[in-house]
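J.: Sequence and predicted structure are below.
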Amino acid sequence: MTAEKGAAELRFKCTECGDCCRRNGAYAFVYLNDPEIDDLAAYFGLSRRSFMRRYTFVDEFGWRQLRFEDFHCPFLDGDSNRCTVYEARPIQCQTFPFWRQFVQDGKWTAEVRGMCEGIGEGEQWSVEYVTSKMAQMEAWEDE
């Protein structure tokens, strides 16, 4: 998919519903790399090891993930639907929903439309912005 093709249809406005921070079918994960673990540990004033024991696990493929208990991210405030670590949130969270698997032929996929009520609403995002967010996520994946 090239971001240029049909980018005018990529409207998105965060409604602060918190659904992206909750289990949604197979989507129930936030992967963490080493710098993100360090940032989050520092945010909480914890050692790296303490942070990992308290909040993460290693999946069957060897990836470090946040542990979703009660079917939501441990950093989601359930009352306000707000992220409690917004300033230190992982790249995966910063770039949602602008991930390549959620955009096909310049349009949002049915999968992401079903996950996020803000898809198709609000601001029309520029080709440059969409491309930069996709590249940011892909750079993380390459680390």
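T.: Ah, there it is.

J.: Please give me every residue in contact with residue 32.
T.: Listed by Cβ atoms under 8 Å, 6 or more residues apart in numbering, the contact partners of residue 32 are 40, 56, 64-66, 90. The C-beta positions use only the backbone N, C-alpha and C, and glycine is treated the same way.

J.: okay, among those residues, which ones form the most distant pair?
T.: Greatest spacing in the contacts of residue 32, by Cβ to Cβ: 40 and 65 (12.6 Å).

J.: Compare the two (neighbour count), which wins?
T.: Higher neighbour count among residue 40 and residue 65: residue 40, with 22 against 17, using other Cβ atoms under 10 Å.

J.: Might you report the residue contacts of that one?
T.: Residues 32, 51, 55, 85, 88, 90 are the ones in contact with residue 40 under the rule Cβ under 8 Å, 6+ apart.

J.: between those, which is nearest residue 102?
T.: residue 90 (16.8 Å).

J.: And the pLDDT for the residue lying closest to that closest one once chain neighbours are set aside?
T.: Leaving out its chain neighbours, the residue that sits closest to residue 90 by Cβ to Cβ, 6 or more residues apart in numbering is residue 36, at 4.6 Å. pLDDT recorded at residue 36 is 95.

J.: Least confident secondary structure element in this protein?
T.: helix 127-142 (a mean of 84; mean pLDDT, DSSP states H and E).
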